[in-house]
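Engineer: have a look at this prediction, sequence included:
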Amino acid sequence: MRTVLIGIALIFATVAGTGVASAGRGKQVKYIGIHPVAKAHGGGFCYIEGPHVHVFGADKLQYRDHRGHQHFVGDPVAYGYDGPRHAYQGHHPIHVEAVVGTGHPDTEFCYLNGAHYHYFTPPPGPEFKVQGDVHFYVAEPPRAYIEARPTMIEVNAVYTPLVYARPVVTVEPPTGWIHARADFAVVTPGVVVAAPRATVVSPGVVIDARVHVPAPTIRVDVGVGIGGGVYVDDGHRHRRHHKHKKFKNKKHKRRW
């Protein structure tokens, strides 16, 4: 009998110890899709595409909630991702359901200024135009994007100090590109946007703030550093960049 009691006590001690250890590792957080791993937990990149959990949290600038799971909407290359990547220029929507294959409509927005990468391409449709292998958002942005922009553009401060191979877009933006419009113009290093606007300072006083910019020529390279944007060929000589390898546009079908 004494032996049996000792055995039962050991079992309870083991279970209790396991519970304490689990609690010490932190709260489990649900993720879906690939994403960076927090530095405090080893860093690197998680390539699990389906729903899974980690014991570290996700920030509100680089992740969006998708049916209770955190989905990464930042630039994966900045964190060591080495798979297929596709170049984008400026802000744009992300149709999360198409990326993760859940079938539940969920449109979020990426607020990264300038040129950056994602591991997915947008679904077919008129929202994007592709020029020089670069995706440009040309549709009318919804109110949700406009209202969240003042807060979400702070994500650019996260990427400013990161040094990695960014796409350098040297193509002329297509007609309708969001950042070529006065209401949504975003100026980034190497980017000049024509934004005609008249500002009324006081009754009877108007300042004409129109900017006239010649059309740039286009090339897509990879630049290493903290910048990245539109290379404008204004007739002067510019340093050449090494061209990156092109990745085939692969469509991935995923399910829960």
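Structural biologist: Thanks, I have it. Residues are numbered from 1 along each chain as shown.

Engineer: any idea of the mean pLDDT in stretch 67-76?
Structural biologist: Mean per-residue pLDDT for stretch 67-76: 97.

Engineer: for H66, see how far away V96 is.
Structural biologist: As judged by Cβ to Cβ, to the nearest Å, V96 and H66 stand 5 Å apart. (Glycine included, C-beta is placed from N, CA and C.)

Engineer: give me the nearest residue to A144, chain neighbours excluded.
Structural biologist: Nearest residue to A144, sequence neighbours excluded (Cβ to Cβ, 6 or more residues apart in numbering): F109, at 7.7 Å.

Engineer: show me whatever sits in contact with both of V96 and H66.
Structural biologist: T102, D106, E108 (Cβ atoms under 8 Å, 6 or more residues apart in numbering).

Engineer: surely the last one and Q70 touch.
Structural biologist: This points to E108. No: with contact defined as Cβ atoms under 8 Å, E108 does not reach Q70; the gap is 11.5 Å.

Engineer: before we move on, back to that, list the buried residues of the helix or strand containing the residue nearest to A144.
Structural biologist: Element membership for F109, per DSSP states H and E: strand 107-110. Neighbour-count burial for strand 107-110 flags E108, F109, C110 (criterion: 16 or more other Cβ atoms under 10 Å).

Engineer: so what's the second one bridging to?
Structural biologist: Judged by DSSP bridges, the bridge partners of F109 are P93.

Engineer: OK, contacts around the residue lying closest to V77 once chain neighbours are set aside?
Structural biologist: Nearest residue to V77, sequence neighbours excluded (Cβ to Cβ, 6+ apart): Y117, at 4.7 Å. Residues in contact with Y117, defined by Cβ under 8 Å, 6+ apart, are D75, P76, V77, R85, H86, A87, Y88, R166, P167.

Engineer: kindly report the same for Y31.
Structural biologist: C46, I48, P51, H52, V53, H54, A58, H69, Q70, H71, F72.

Engineer: picking up where we left off before, return every residue with contacts to both of E108 and Q70.
Structural biologist: Contacts common to E108 and Q70, judged by Cβ under 8 Å, 6+ apart, are R64.

Engineer: follow-up on the earlier one: now do the residue nearest to A144, the pLDDT please.
Structural biologist: So F109 comes in at 98 (pLDDT).

Engineer: repeat for K250
Structural biologist: With respect to pLDDT, K250 scores 43.

Engineer: do A209 as well
Structural biologist: pLDDT, A209: 34.

Engineer: same question, R25
Structural biologist: pLDDT, R25: 59.

Engineer: wait, G132 sits on V168?
Structural biologist: No: contact status for G132 versus V168: not in contact, 10.7 Å apart, counting by Cβ under 8 Å.

Engineer: tell me which of the two has more neighbours.
Structural biologist: V168 (24 against 15; other Cβ atoms under 10 Å).

Engineer: three-state assignment of that one?
Structural biologist: strand (DSSP: H, G, I helix; E, B strand; the rest coil).

Engineer: same check on R64?
Structural biologist: R64 ends up strand, using three-state DSSP.

Engineer: and it, how many neighbours?
Structural biologist: As a measure of burial, R64 has 20 neighbours, counting by other Cβ under 10 Å.

Engineer: repeat for G44
Structural biologist: 13.

Engineer: what do you get for H118?
Structural biologist: H118 has 23 nearby residues by other Cβ under 10 Å.

Engineer: going forward can the numbers begin at 293, since that is how I track them
Structural biologist: All set: I'll call the first residue 293, so the last point we hit is now H410.

Engineer: identify the residue spatially nearest to Y437, adjacent ones excluded.
Structural biologist: Distances taken as Cβ to Cβ, 6+ apart place F401 nearest to Y437, at 4.9 Å, with adjacent residues excluded.

Engineer: measure that neighbour to R356 for me?
Structural biologist: For F401, the distance to R356 - Cβ to Cβ - is 9 Å.
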